[in-house]
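Trainee: Any chance you can model this:
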Amino acid sequence: MTTKKIVAVVVLVLLAMGLAAALFAGGIVAYTLYALGKSDAAKVAKAYLRSNEKLKQDIGEIKEFGTFVSGNLNVQNSDGDASLKLKVIGSNKTVDATVDLTYRQGRAWRVVGASYISDQGRLIELLNPYESWLTLVPQAA
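Mentor: Okay, here's the model as predicted:
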């Protein structure tokens, strides 16, 4: 076998190994994104966004969500935190939303923050932490 043939075989083997490694890594990433999108945290985030009146006013009725959910999900013992990024497709426009969730002592996920970036690049908050408290304050006569 000539030197050129040996070099060609080595290069082909290295390319094949690189392709196999890339496919393996891609499979892990795809599975992770799929699992994150099917998690309980993602279900709560989607339900929250579907019912958020401010979001509906801004983008129209929510038709669907993008294929992938990204972000992070950290669970330790009976506590967890998540910050998820979802593409929200409305009847008027599409936005990228971020929903922050938490759970403590094994209880259900709850939304602690939600926002999206407007067309003008402004951060639009979808969750006012004082909103439910303000509705309990009696109105001045």
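Trainee: What residues sit buried inside the longest strand seen in the chain?
Mentor: The longest strand of the chain (DSSP state E) is strand 79-90. Neighbour counts over strand 79-90 (16 or more other C-beta atoms under 10 Å) mark 80-86, 88, 90 as buried. Backbone N, C-alpha and C define where each C-beta goes, glycine included.
Trainee: What helices and strands are in contact with it?
Mentor: Helices and strands touching strand 79-90, by 3 or more C-beta pairs under 8 Å, 6 or more residues apart in numbering; DSSP states H and E, are helix 40-51, helix 53-59, strand 62-65, strand 70-76, strand 94-103.
Trainee: Scan the protein for its longest helix.
Mentor: Longest helix in the chain, counting residues (DSSP state H): helix 3-37.
Trainee: Can you give the domain ranges for the chain?
Mentor: What automatic domain parsing lists as the domains of the chain is 1-37, 40-134.
Trainee: Please give me every residue in contact with residue 85.
Mentor: Residues near residue 85 by C-beta atoms under 8 Å, 6 or more residues apart in numbering: 69-71, 96-98.
Trainee: Could you count how many residues lie near residue 72?
Mentor: 10 (other C-beta atoms under 10 Å).
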